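# Can you look at this prediction? I've put the sequence above it.
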Amino acid sequence: MVTLTGVSLLFALLAIGTPVAFAMAAAGATGLAMIGGPAMVLGILKTAPFSVANSYEIITVPMFILMAEFVILSGVADDLFRAATAWVGRVPGGLGMATALAGAGFGAISGSSTAAAATLSSTSIPAMLKQGYEPRLAGGVVAISGTLAMLIPPSIALVLYGIIADVSIGALLVAGVVPGLLVTATIMLTVYLLVRLDPTRAPAGRAYTLREKFASLSVAGPMLVLFMAVTGSIYLGLATPTEASGIGAFGAFLLAAKAGRLSREGVAKALTHAVHATCMILMIILGASIFGYFFTLTQTTQALVAWVGALDTSPWVIMALILFGYVILGCFMDQIAILILTVPVVLPVVVALGFDPVWFGVIVVVTAEVGMVTPPMGLNVFVVARYTRRPLSEIFEGVMPHVIAHVLLIALLTAFPQIILWLPSTMNM
């Protein structure tokens, strides 16, 4: 009865628009008061903020956010899109494919999905519309390409999952590389098939000479150096994820300096945005921590694990239901909030079923990508609509073929876990 009251209050607060952090804190505090009275609530409120902020791994979050801000300041996304266009622009739907490649490149040096969507919106959509692309196709490919930053390291979502699940953050970040490449290829293939089915959606682009193509690769050099400084150092065992995040933030700062984009106002804006985003994430973690204390005292997680273990059902059926639940939640809630709220409850069930927690973390993030572009919330779709001033319905319609392709890829990654687990198994730990 106490558990039901706490959960009901949580969803009621979310339904009326209460910020996730405060909804979880209020619901958890109410449940704790029902169990142990005001003294228990005050005791946890005194210790929870320090225990949340006093985690060494938490430093990774503001550093990766700051890295993303400096990358945006450097304007590297424009160069990445132009370089990708030189190589695939002539192919049917080439500018759409170039957008996916630029999204992957931007994701490799930025862990922010919304930042990627906003940057690609201002870079690639005007170029596609100018060439005569169907607006639905252009908006859809930008919205889905922005989600690559959630998966390709450095990924803030994977870092938070690692902190919550107490799983190696290094292994998670490296595990995101191969699925990230597969998602990129899936987006490109989807664009190609859409244009093959209806060539009027995307006119052919101009051809580039071999010299122009190789000249365009010069922009990829700094990006590859930054990617290797972060993910490569983690993979080779040269740095911890926390150390690598600091290296990445400093490397992105140098990238912006090299581009001549540094100014007092620009640096202040980047630092301010990083502080705001970090505070938001820390507040969500704090709220989840309070709610987590409540769930622990009610033994809800243990009861759920025991109940699932007693079911006479295939573990794969249960996993399919869990992933379907994540897709549904993604339609209504922010992905970071979903991870923080659900992982402490769901992960013990997943491990009890015999699934690898690193594999599950990557699968959850890929599934969360779908939630970033599905109605009614679809955060990336709102970002693209805001920057392009195109109707929301148009972009949602354009992104639906990519949602279907993503679901098929999730099924593939679920059926063959080694696709995800192979690369981290070769790491120098």
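Nice, I can see it.
# Can you get me a residue count around the closest residue to A175 other than its chain neighbours?
Leaving out its chain neighbours, the residue that sits closest to A175 by C-beta to C-beta, 6 or more residues apart in numbering is P424, at 4.7 Å. To be clear about C-beta, it is placed using only N, CA and C from the backbone, and glycine gets the same treatment. Applying other C-beta atoms under 10 Å, we find 23 other residues in the vicinity of P424.
# Let me know the helix or strand that P424 is in.
Per DSSP states H and E: P424 is located in helix 418-425.
# just checking, what packs against that helix?
Counting contacts by 3 or more C-beta pairs under 8 Å, 6 or more residues apart in numbering; DSSP states H and E, helix 418-425 packs against helix 169-175, helix 177-197, helix 357-371, helix 392-415.
# okay if I get those as TSV plus mean neighbour count, distance to P222 and mean pLDDT?
Formatted as TSV, those follow (neighbours: other C-beta atoms under 10 Å; distance: least, C-beta to C-beta, whole Å; pLDDT from 0 to 100):
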stretch	mean neighbour count	distance to P222	mean pLDDT
helix 169-175	26	20	90
helix 177-197	20	19	92
helix 357-371	25	26	89
helix 392-415	18	29	91
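# Tell me which of those helices approaches G237 most closely.
Evaluated with C-beta to C-beta, these place helix 169-175 nearest to G237, the distance being 8.3 Å.
# contact partners of that closest one?
57, 60, 153-155, 158-159, 161-163, 231, 234-235, 240-241, 358-359, 361-362, 420-421, 423-424, 427, 429 (C-beta atoms under 8 Å, 6 or more residues apart in numbering).
# Just the buried ones from those residues, in PyMOL syntax?
The PyMOL command for the buried members of the contacts of helix 169-175 (criterion: 16 or more other C-beta atoms under 10 Å) is given here:
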select buried, resi 57+60+153+154+155+158+159+161+162+163+231+234+235+240+241+358+359+361+362+420+421+423+424
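# Just say helix, strand or coil for L311.
coil (DSSP: H, G, I helix; E, B strand; the rest coil).
# Can you tell me the number of residues neighbouring it?
Count around L311 with other C-beta under 10 Å applied: 11.
# Assign a three-state SS to the closest residue to it other than its chain neighbours, would you?
In this structure, L311 finds its nearest non-sequential neighbour in I318, 7.2 Å apart by C-beta to C-beta, 6+ apart. At I318 the chain is in helix, as set by three-state DSSP.
# so what's I318 up against?
I318 neighbours (C-beta under 8 Å, 6+ apart): 308, 311, 349, 353.
# quick check, nearest of those residues to S51?
V349 (24.7 Å).
# So which elements touch the helix or strand containing the closest one?
Element membership for V349, per DSSP H and E: helix 335-352. In this structure, helix 335-352 packs against helix 20-53, helix 156-165, helix 264-297, helix 300-309, helix 315-330, helix 357-371, with contacts taken as 3+ C-beta pairs under 8 Å, 6+ apart.
# can you list the ones you listed in a markdown table and add distance to A117?
Shown next, in a markdown table, are these (distance: least, C-beta to C-beta, whole Å):
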| stretch | distance to A117 |
| --- | --- |
| helix 20-53 | 20 |
| helix 156-165 | 14 |
| helix 264-297 | 15 |
| helix 300-309 | 34 |
| helix 315-330 | 15 |
| helix 357-371 | 12 |
